[in-house]
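Participant: would you be able to build a 3D model of this:
(one chain, ligands or ions: 1)
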Amino acid sequence: MRSVTNKRRALGQHFLRDTGIARAIVELVAPTPRDRVVEIGPGEGALTAELARRAGQVVALEVDRDLAARLRARGLERLEVLDADARTWDYGTLTRPAGGRVLVVGNLPYSVGKPILEALVTARTAIDEMALMLQREVAERLAAPPGSKTYGSLSVLTQLYCEVRLALRVPPGAFRPPPKVDSAVVHLRVRATPRVALRDERRFHVVVRAAFGQRRKMLANALAAGLSVPLETAREAAAGAGIDPRRRAETLSIDEFAALTERVP
Ligand code: SAM
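Facilitator: Alright, predicted model coming up:
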């Protein structure tokens, strides 16, 4: 049987003990009685009680059955605790309450922060706003503008669908036990339409991932390798989109990636 310590580590169980920060996270989405909230990884409930106090309904997804049972036993009103994995839960089943919003809030387990985020972005049409605590480096990547060191495919694909703002930085001492890394909270507002109109969103994802596949290389080389096309074809596609093929992916705006997607075969 796994020890409690191993389980805690595997599930990223660092519990927030700073009530001021918990309230500040909830305040980022400011739930009202008309809103439905999905909380990811409620753990010992640092955010849950405040969410249940303010929102019309809270659905909490917790993979650790012991923690889920303990939270259920608290009998908080308007709270439903599900034994669920936030990576695979079907967010598409969420319905928007009349006149209200669907909000997602969570202090995400760092080891699975990215797959959870990907699931949320995929389910974006069911969601209005999110406040998510992540490893600081990942949070910074999400919000990074073109040209910055941390700008990558995660930034482009999230910013295509959401307005992203780095809202709070949180030091390890705010958690019990303290993690080895810094944390930060991002606020995401899902856009009504993607930032740029795309004929083929799937192709856009493929091109962005290929461009960042070898981020130290020039754009044309990275595209040639990532899309398995001749170097000359990649060069022509970039030039045709008005982009110098010698640039690096991290300097391209979302609009430029969209133009590039139209040109690559
Ligand atoms: N929200 C609490 C807090 O702020 O103190 C706990 C946060 S702790 C960083 C992450 C929580 O996510 C833990 O309770 C852990 O059991 C849970 N968890 C880990 N992996 C999960 C998954 N795939 N789906 C749902 N919950 C998960």
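Participant: what's the span of stretch 128-139, first residue to last?
Facilitator: 19 Å (CA to CA, to the nearest Å).
Participant: what residues of that stretch count as buried?
Facilitator: Within stretch 128-139, the residues scored as buried using 16 or more other CB atoms under 10 Å are Asp128, Glu129, Met130, Ala131, Leu132, Met133, Leu134, Gln135, Arg136, Val138, Ala139. Just so you know, the C-beta spots here come from the backbone N, C-alpha and C atoms, and that holds for glycine as well.
Participant: send the alpha carbons of the element among helices and strands of the chain having the smallest mean pLDDT over as PDB?
Facilitator: In the chain, no helix or strand scores lower on mean pLDDT, DSSP states H and E than helix 4-10, which sits at a mean of 76. The C-alpha coordinates for helix 4-10 follow below in PDB (Å, rounded to 0.1, in the frame of the first residue of the first chain):
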ATOM      1  CA  VAL A   4       0.400   8.800   2.800                       C
ATOM      2  CA  THR A   5       3.500  10.800   1.900                       C
ATOM      3  CA  ASN A   6       3.800   9.100  -1.500                       C
ATOM      4  CA  LYS A   7       0.200   9.600  -2.300                       C
ATOM      5  CA  ARG A   8       0.400  13.300  -1.300                       C
ATOM      6  CA  ARG A   9       3.400  13.800  -3.600                       C
ATOM      7  CA  ALA A  10       1.800  11.900  -6.500                       C
END
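Participant: tell me if that helix is near the ligand.
Facilitator: No: using CB under 6 Å from any ligand atom, we find that helix 4-10 stays clear of the ligand, coming within 8.2 Å at best.
Participant: ok, and what's touching the helix or strand following that helix?
Facilitator: Sequence order places strand 15-16 as the next helix or strand after helix 4-10, per DSSP states H and E. Strand 15-16 has contacts (CB atoms under 8 Å, 6 or more residues apart in numbering) with Ala22, Gly43, Glu44, Ala46, Leu47, Asn107, Met133, Ala174, Phe175, Arg176.
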